[in-house]
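Chemist: Provided below for reference: sequence and predicted model.
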Amino acid sequence: MVSLSHAPRHQGWGAIVPSGGDSTWVTRPDYEANARPRHVCGRDALLHHGNVTRGVRRAVALIVGVVAALVMPIAASAHAELGSSSPAPGAHLGTTPGVVVLEFTQSLNAQLSSATVADPSGHAWKGEVDSSEEIRVPLETNIPGVYTVNWVSVSQVDGHRITGTFVFDVGVVGVSTADAANRVPGPQTSDVAIGIVKWVEALALLFLTGQVLMSRLARRDPPLPWVQPGFRASSIALSAGLVVVWAQATIASGGHSVSGYLAFLGAGWSGAVLIARLVLEALTLIAVVRGWRLLPVFLAGSLVLLAAGGHAAGVQPAWLGIGIDAVHLVAAGIWAGGIGALAALRPPDGWRSADARRLLARFTPVALVAFGTTVVAGGLEAIEQLGSLQSLFGTDYGRVLLAKMALVACMIPLSLMAWRLGRPRVRVEAGIAACVIGAAALLASFPAPPTTAEQQAAEAAALAPTAGLPGAGDLTMAAPAGSVLVGLSLSPGAPGPNTATVYVLPIGGTAEAKAILANIAVNNAFQKLVSCGNTCRRATITIKAGDTVAVDVVSAGGGEASFTVPPLPAPAGTQMLARMQQAMHELTAYQYSEELSSGAQPISADYSAEAPDRTTWTVGGTSQTIYIGSTQYTRNTPGDRWVAEPGLTQNTVPSFAWDFFEPLSNAHILGDAVVGGVPTTVVASFGNKFSTPTWFTFWIDAAGRVRQVKMLEAGHFMTDTYTSYNEPVPIDAPPG
C-alpha cells in the first residue's frame, strides 16, 4: 500500500525515502562515475539509474499479478450445467419414459440449447427448451436397450456453451457406473483462450481506471502538469472485448453463421450485456481521443457490464451479485489500477521531488479506502459464488481459486520483503506472477459450483411432482385424457363420501400442469375440481359400486378420462401380484403385441422372447431388431442389411416392464373381465420408482399369467397383450 509514512523505496512505486522518524526528506546528490554508492538504511543502491529501471520492471510484474488475482473471479463464466435429470444417469427402467427431463443450473438460450435421446435402434429423438432452465425430450418408443442422452447448453447469463452425455437403459440391466455417469468435458483449449482474452480486457479497464484517477488527482491545486497518462489501454480493452464476443458467439452457435450470431446476441440478458459493453468500451475509446469529460462514466459503465456478464449475474438476487462485483471491480481499478498508473509515470525530478510527494499524498487515502473495499467485496463474492467451504475444496473451480489465493499469498510478502531489504528477486516474483495469471486464466474456464440452494432447486425441479399422487391404502386408477395423464385416487375407498384426488400431468410437465382446468363428474353430475398443487386437483364425491367417474380436462390437449367404480371396499391385490410375478418369471418363452402412444397416433410393435437371452421385435411392421446375449442386430426395413452392435449389456429373459417398479403399491382387485376369450381378474397398482409416477392395470388369468397389462405415465400410454406362453419361438442371429 502506498502511503507517505511508509512510501515504497522503489522508483516505480514512488522512490521517496524518509530520513529517520520525522518528515524531513533526504535529498541525495547524483552518484559520480565509478563511485561506490553510499547507503542510507541499506537502501541507497536502489537509487542507481540501472537499479531504478529494474525496479520499475519488478513493480510492473507485481502489479500484473495482483490485478490478475483481483480480476479473474469475475471473469469466470456462469455456465449452465446439468443439475439433474429424470431419468437419472444410469437408471434401470422397465419401459421408456414418456419424456426425458433435463434441468440446468442457469437460464438457457432457447435457440442454441438442445438435447437428443438416441434409442437402441439409432433413432434420435429431439427435444426443445421447455422453460428457462429445462429441456424436455418426448419419446415415442419402447425398444429395450441402452438410451444415450446428448445435450448442449448455452447459458443466457454469459453465453457460454458446454455439452454433456449420459445413458440409461430399458429392459436390460448392467450399465456400468462409469458409462452411466453424466460426462461433462473439462475446460477446452478455446475456453482457456477466451479466459485469457477476458483477463486482458479486464486488466486494461482496471489500468485505465487508475490512469483516469491519476489525471484527476493531478488537477488539484497546485496542478501537476507532468501527469499525462497515455490512455492506450482503452484501445486494448475494446480490441479484447471484440475478440471475446466474437469467440463466444462462434463457439456458442457452433460455427460462423449470421443466424447463429443473431441467436447468440439476441438472447435476452447475455446478448444485451455483451453488446452494451462493447458500445461503452467504444465510447470510452472515443472519449479518450476526443477528450470528453464523460470518460469516467463510460469507463465505470464498462466495468459494471463486465460484472453483469459473469458469475455475478447468476446470484439471486442478480442485482446484489452484480452490484457487489461492480464495486469490487471499481475498487480494484482505483487501488491496483492506480498503483499501475503510478508505475508508468516518470516525474521530471524523480520520485524524491515535491511534486511526486504531492501526488502520492493525494493517492494514499483513496488507495486505503479502495484496498479495504476490494478485500471486503472480494470476500462477499467468494461466499456468493462458492456457497460453502466444501465447494472451495471439493470442486474444480474452488480448487483452482484456492491455488490462486495461495500464489497471491506467497507473492505479496515476498515482494514486500524484497523491497524492504533492497534485494528484490525479479525472476522469482515474475515466475509467481506468471503462475497466478495462469491459474486465473484457467479459472475463467471452470463454472462456479452451484450453491446448495441451486442444487436443491435443480433436484426438486427434475423430480416428477408428487402433489396428487395416491396415499397409502388409497384405491387408485389411471387413464389418459387426450395427452394428459390422469390418476384418480379415492379415500377411504368405501361406499359414500370420498375424497377424490386427481393427478394431472401433461407431456409439457409441471409448469404446463399448473394451468390445467378440470372437472369431475359422477354419473354425469359435474362439479369443479379445486387445485391442491401444480399437478393436484381435489373434490369430495359420493360414490357406490358401478358408478362412472369422469375427469374432464378442458385445457388444450385434454379430453375425458373415465373410470368405473369397483365393488367397495376393493379387496387387496398384493398376493395376486406376487403369484403373477412367480408365474411370469417361470416362463421359457412368450409373445405379445404392444400399442404405445402419447395421446396421438399409436405405434404398434410385436415382441417374441425366449429364455435365457433372446428377444426380437418389429415396430410398425418395418423396423426389425434381434437381441441375442450382448449383441443386437437391427434393420430399418425388411430389405435392408442387418447392422450388428456387439458389446451391449446382457439380455435377460424373462423380463417385464413392471419388474423395474417393484415393489408396486396400492394393489386392489377391481373385478373380473374376459380378454381374448379367457376369464381374468383385474388388478390395479401404482409404482413411483425413479420418481416416475406410473399406474399399472393387470388382467391375470387363473394360472397367474398376465393376459394384458396397461402402463400409464406422462406421455407414455402403453398396452401389452400376451398371445402365447412357453411355445417354441425360434430366434436366431441373421445370416452374415
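Modeler: Received the coordinates, thanks.

Chemist: Can you check the pLDDT for Leu305?
Modeler: If you check Leu305, the pLDDT there is 83.

Chemist: Spatially nearest residue to it, not counting backbone neighbours?
Modeler: Arg277 (4.0 Å; CB to CB, 6 or more residues apart in numbering). (Glycine included, C-beta is placed from N, CA and C.)

Chemist: My guess is the one you found contacts Leu306. True?
Modeler: Yes: using CB atoms under 8 Å, Arg277 is in contact with Leu306, at 6.5 Å.

Chemist: name the element the residue nearest to Leu305 belongs to?
Modeler: helix 268-290 (DSSP states H and E).

Chemist: Give me the helices and strands touching that helix, please.
Modeler: helix 233-253, helix 258-265, helix 295-308 (3 or more CB pairs under 8 Å, 6 or more residues apart in numbering; DSSP states H and E).

Chemist: mind checking the SS state of Ile324?
Modeler: What DSSP: H, G, I helix; E, B strand; the rest coil gives for Ile324 is helix.

Chemist: what separates it from Ala307, distance-wise?
Modeler: Distance, Ile324 to Ala307, by CB to CB, to the nearest Å: 8 Å.

Chemist: So which of the two has more stuff around it?
Modeler: More neighbours surround Ala307 than the other of Ile324 and Ala307, with 25 against 22 (other CB atoms under 10 Å).

Chemist: Now do the same contact list for that one.
Modeler: Residues counted as contacts of Ala307 (CB atoms under 8 Å, 6 or more residues apart in numbering) are Ile74, Ile322, Asp325, Ala326, His328, Leu329.

Chemist: For the chain, give the helix that spans the most residues.
Modeler: The helix spanning the most residues in the chain, taking DSSP state H as the definition, is helix 354-386.

Chemist: Check which helices and strands that helix sits against.
Modeler: If you count contacts as 3+ CB pairs under 8 Å, 6+ apart, helix 354-386 packs onto helix 49-75, helix 189-218, helix 318-344, helix 396-421.

Chemist: Against which helices or strands is the third one packed?
Modeler: Translated: helix 318-344. Applying 3+ CB pairs under 8 Å, 6+ apart, one finds that helix 318-344 contacts helix 49-75, helix 189-218, helix 295-308, helix 354-386.

Chemist: Go through those helices and find the least confident stretch.
Modeler: helix 49-75 (a mean of 45).

Chemist: Give me the next element, helix or strand, following it.
Modeler: Taking DSSP H and E, what comes next after helix 49-75 is strand 82-86.

Chemist: So for the next helix or strand after that next one, mean pLDDT?
Modeler: Using DSSP H and E, the next helix or strand after strand 82-86 towards the C-terminus is strand 92-93. Strand 92-93 shows a mean pLDDT of 74.

Chemist: swap in stretch 135-147?
Modeler: 83.

Chemist: and it, how far from the chain's centre?
Modeler: Centroid displacement of stretch 135-147 relative to its chain, using CA atoms, centre = their mean, to the nearest Å, is 22 Å.

Chemist: just stretch 297-304 next, same as before
Modeler: Computed by CA atoms, centre = their mean, the separation of stretch 297-304 from the middle of its chain amounts to 29 Å.

Chemist: can you pull the buried residues of it?
Modeler: For stretch 297-304, a neighbour-count test (16 or more other CB atoms under 10 Å) marks Phe298, Leu299, Ala300, Gly301, Ser302, Leu303, Val304 as buried.

Chemist: Which residue comes closest to the second one once chain neighbours are left out?
Modeler: Nearest non-adjacent residue to Leu299, counting by CB to CB, 6+ apart: Thr284, 5.3 Å away.
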